[in-house]
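Peer 1: Starting from these lines, generate the structure:
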Amino acid sequence: MKLKRRNFIKKSLGATVALVTTDALANNKAILPLKKPKALVLSTWRHGIPANQAAWEILKAGGSALDAVEKGVMVVESDPESMSVGYGGRPDRDGKVTLDACIMDHLDNAGSVAFLQHIENPISVARKVMEETPHVMLVGEGALQFALAQGFERKNILTEKAAKAWQQWMKDTNYTMPVNIENHDTIGTLALDQQGNVSGACTTSGLAYKMHGRVGDSPIIGAGLFVDNEVGAATATGLGELVMKTLGSFLVVELMRQGLSPQQACEAAIKRITSKYDCTDKQVGYLAIDKKGNYGASAIHSGFNYAITKKGATKLVDCEAYKDENN
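Peer 2: Okay, the predicted model is just below:
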């Protein structure tokens, strides 16, 4: 009796599946597999081009957005010609190169380091903080001790080129630097992987010739970088003090949560700054992506650009200046 009952259930289920499939085909609504998300990488500034290319190699192989953003910014950190990030970065006013970085994944995990010296790739130390400790941020000597314990190499990251620039600055400290890349450049990278997850990384040597001990927005979760896998991600570049005072990256993501597009959210965050502060000689730029692969960017002044990579093609985009358009 039980055997007959099982056979009846199997036949009934089979008939139901056949009926659903037949109905779907009859209505031209064949059941198709879900489309994979379109992978995407965004990075600040021209040095975002090599960062994106390294990140894309990971994404196209099906790798995670977290791995992509870390490996991407490491390219810039290790490039001595990039004088505002990692090895070769401009020193503070005491001639010491101090580095800030943070990273955040799609599970709301975050790690950062600030005022870190003697380590070429602070972003990887930040990831170790995220994955190997119960903390979010380590700073100064403690961050260095942790990095060395994790096997990172201690090295002199003040290049001859950066040292000469600092020595020239010491001779003429009255000159003012431009508001864009020459003074406070950052590499911020955001990625969306094929699994539909978002991650971000942000790393810098900070404001050139800053006071010894100064930390900017780049290692601060919610300021230089914020990721919410339900919504998207944002990163910042420019004068960190203005970004920190307005928690810019968190603001951008929260505005996207409320329904704004990435472009609208970036513009609103820039407006928040320009409505509160005199930005005549101060620059801030934001990048953002959402879960659907939409993206946006905005900056106070012209001169900010970013690299975008999708479908394997990378291009550099000049960002429109919010202040110039809204005087």
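Peer 1: How is the chain partitioned into domains?
Peer 2: For the chain, automatic domain parsing gives the domain ranges 1-32, 40-325.
Peer 1: Please state the offset of the strand or helix carrying V113 from the chain centre?
Peer 2: Using DSSP states H and E, V113 sits in strand 110-116. In this view, strand 110-116 has its centroid 14 Å away from the chain centroid, taken as C-alpha atoms, centre = their mean, to the nearest Å.
Peer 1: Okay, strands next: where are they in this structure?
Peer 2: Taking DSSP state E to define them, one finds strands in the chain at 40-44, 99-104, 110-116, 137-139, 187-192, 198-204, 225-228, 232-238, 284-290, 295-299, 305-310, 313-318.
Peer 1: List the neighbouring strands of the last one plus their orientation.
Peer 2: Within its sheet, and counting by DSSP bridges, strand 313-318 is paired with strand 305-310 (antiparallel).
Peer 1: thinking again about what came up before, tell me which strands and helices the strand holding V113 is in contact with?
Peer 2: strand 99-104, helix 122-132, strand 137-139, helix 140-149 (3 or more C-beta pairs under 8 Å, 6 or more residues apart in numbering; DSSP states H and E). Every residue, glycine included, has its C-beta placed from N, CA and C.
Peer 1: OK, contacts around V113?
Peer 2: 99-102, 122, 125-126, 129, 137-139, 143, 147, 219 (C-beta atoms under 8 Å, 6 or more residues apart in numbering).
Peer 1: looking at the strands of the chain, which is closest to R93?
Peer 2: Among the strands of the chain, the nearest to R93 by C-beta to C-beta is strand 110-116 (14.2 Å).
Peer 1: Residues contacting stretch 82-95, please?
Peer 2: Applying C-beta under 8 Å, 6+ apart, the contact partners of stretch 82-95 are 47, 73, 76-81, 97-99, 120-122, 155, 157-159, 161-163, 165-166, 169, 181, 183-187, 203-206, 208-212, 214.
Peer 1: ok, now stretch 101-108?
Peer 2: The contact list for stretch 101-108, computed with C-beta under 8 Å, 6+ apart, reads 65-66, 69-70, 73, 110-113, 116, 122-123, 125-127, 130, 137, 197-204, 218-221, 224-229, 233.
Peer 1: So what's the residue count around P219?
Peer 2: 32 (other C-beta atoms under 10 Å).
Peer 1: which phi and psi does it have?
Peer 2: Phi and psi for P219, reported as degrees, to the nearest 10, are phi -90, psi 0.
Peer 1: Could you list the low-confidence segments of the stretch 201-327 of the chain?
Peer 2: Of all residues in the stretch 201-327 of the chain, those with pLDDT under 70 make up the ranges 323-327.
Peer 1: Serialize the strands of the chain to a markdown table and add fields for distance to D92.
Peer 2: Listed next are these as a markdown table, based on distance: least, C-beta to C-beta, whole Å:
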| stretch | distance to D92 |
| --- | --- |
| strand 40-44 | 21 |
| strand 99-104 | 11 |
| strand 110-116 | 10 |
| strand 137-139 | 15 |
| strand 187-192 | 19 |
| strand 198-204 | 12 |
| strand 225-228 | 22 |
| strand 232-238 | 18 |
| strand 284-290 | 21 |
| strand 295-299 | 25 |
| strand 305-310 | 26 |
| strand 313-318 | 30 |
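Peer 1: now for those strands, which one comes closest to A265?
Peer 2: Proximity to A265, assessed across the strands of the chain by C-beta to C-beta, is greatest for strand 284-290 (5.8 Å).
Peer 1: For the closest one, name the packing helices and strands.
Peer 2: strand 40-44, strand 187-192, strand 232-238, helix 248-257, helix 262-274, strand 295-299.
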